[in-house]
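*Asks:* Starting from these lines, generate the structure:
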Amino acid sequence: MAQAFTDPLKLRFHSDDEPAEKVINYWSHDHPLFLTVVPPQAKNNNMPTDDDPITVCHCCVRPISSSTYYYSCKHDGCSFTLHKYCVELPRTLQQHALHQQRDHPLHLVKLVHTFLLCDACDKRCNTFFYECGQRDCYFRIDVNCAFLPKIIKHEYFHKEHHLVQHTGPSWISRCKICEQNFYKHVGYKCDACNFRLDLHCALKSPYSLPHRYCKGGHEVPLMCPPIEDHPEDFYCEICEEEMNPLIPLYYCGKCKNSFHIRCLSRVYRYENYLREGSLNDPYYHNHPLTFVRRKKPSKEVCYRCNGDINGFLFLECRTGNCSYCLCLECWEPHPEHI
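*Replies:* The predicted model follows:
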């Protein structure tokens, strides 16, 4: 599967140079952290092909195997891990392009027992983020969005010009691909063409994705019009709504199946959310449920919304042969579960 761009910190800070310090004390953690080397076979495959859980960094919430080196806690019962480059993140950003108050510095903060909504992507974050230290200024941005690329070139949606990062009012911030507004949140634009992309369509829609509707097990490619040999009417196989034939879509030429980009490439609000352990919530399921990330076959989906859970954080039943799975967007936690 052609992976979407989901790891801006790796692009900005990654280095294969071995750290000089083998043991460190990190400012947000009570125990020492020890340098660990990722095995080459794991480093070359960030999304395992088997059913093993995906271990993530406790800062950026991306697979720990995406970096050659990481630091981990060896204290009994503590699973705290950080990429080498996340350890090296600056504690203070003197200014940030997405913050309207350009003279206000942003400080790196660790959340405890709560979550916030990132002002750039509007997704939940409960690990590390940058916040404005000025009184009555509530700008907060998770560490991934803090280091998004300022300029991109999109190979599918806008080949003519580069796209520049921006935020803006809703009347000029409507995505040309998914036709959704991204008011006050980050996107990319080409002023010469009056072309706008929201963050998901710009950076997080893979060039191909598997889907259970395609019986042959092949992946569904992202395609731009015109689509050859397409049925006369365009209807999304997931939402069953009629589609605009003039905008890009996922289309399987073998099965003649069409999908909206947002229907097949899921916008998951818990992408930057970290949870571990288990809970009992009889409203949803009679057995205990465990928080886990893992590679799942495309046929295995959330039992409630029928949505994709592959690689996402979800709740899984591990009782006997029970295969119940629940995505976090369908789980409405009680306050004590947040």
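
*Asks:* now the stretch 151-300 of the chain, which segments are flagged as low pLDDT?
*Replies:* The model of the stretch 151-300 of the chain has pLDDT under 70 over residues 168-172, 215-217, 229-231, 297-299.

*Asks:* can you pull out the strands in it?
*Replies:* 151-154, 158-166, 187-190, 195-198, 208-210, 219-223, 249-252, 257-259, 278-279, 289-293 (DSSP state E, counting those that start in this stretch).

*Asks:* right, and those - which one's nearest Val112?
*Replies:* Val112 lies closest to strand 289-293 among these, at 17.4 Å (CB to CB). C-beta: built from backbone N, CA, C; applies to glycine.

*Asks:* Quick one: distance of the closest one to the chain centre.
*Replies:* Centroid separation between strand 289-293 and its chain, computed with CA atoms, centre = their mean, to the nearest Å, is 17 Å.

*Asks:* circling back to that earlier point, as JSON lines, the strands of the stretch 151-300 of the chain with distance to Gln134 and mean neighbour count would be great.
*Replies:* Listed next are those as JSON lines, based on distance: least, CB to CB, whole Å; neighbours: other CB atoms under 10 Å:
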{"stretch": "strand 151-154", "distance to Gln134": "28", "mean neighbour count": "14"}
{"stretch": "strand 158-166", "distance to Gln134": "23", "mean neighbour count": "15"}
{"stretch": "strand 187-190", "distance to Gln134": "25", "mean neighbour count": "22"}
{"stretch": "strand 195-198", "distance to Gln134": "28", "mean neighbour count": "22"}
{"stretch": "strand 208-210", "distance to Gln134": "42", "mean neighbour count": "19"}
{"stretch": "strand 219-223", "distance to Gln134": "42", "mean neighbour count": "20"}
{"stretch": "strand 249-252", "distance to Gln134": "44", "mean neighbour count": "23"}
{"stretch": "strand 257-259", "distance to Gln134": "44", "mean neighbour count": "23"}
{"stretch": "strand 278-279", "distance to Gln134": "37", "mean neighbour count": "15"}
{"stretch": "strand 289-293", "distance to Gln134": "35", "mean neighbour count": "19"}
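
*Asks:* possible to save the ones you listed as a markdown table with distance to Gly311?
*Replies:* Shown next, in a markdown table, are the strands of the stretch 151-300 of the chain (distance: least, CB to CB, whole Å):
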| stretch | distance to Gly311 |
| --- | --- |
| strand 151-154 | 22 |
| strand 158-166 | 25 |
| strand 187-190 | 24 |
| strand 195-198 | 21 |
| strand 208-210 | 11 |
| strand 219-223 | 14 |
| strand 249-252 | 17 |
| strand 257-259 | 18 |
| strand 278-279 | 20 |
| strand 289-293 | 6 |
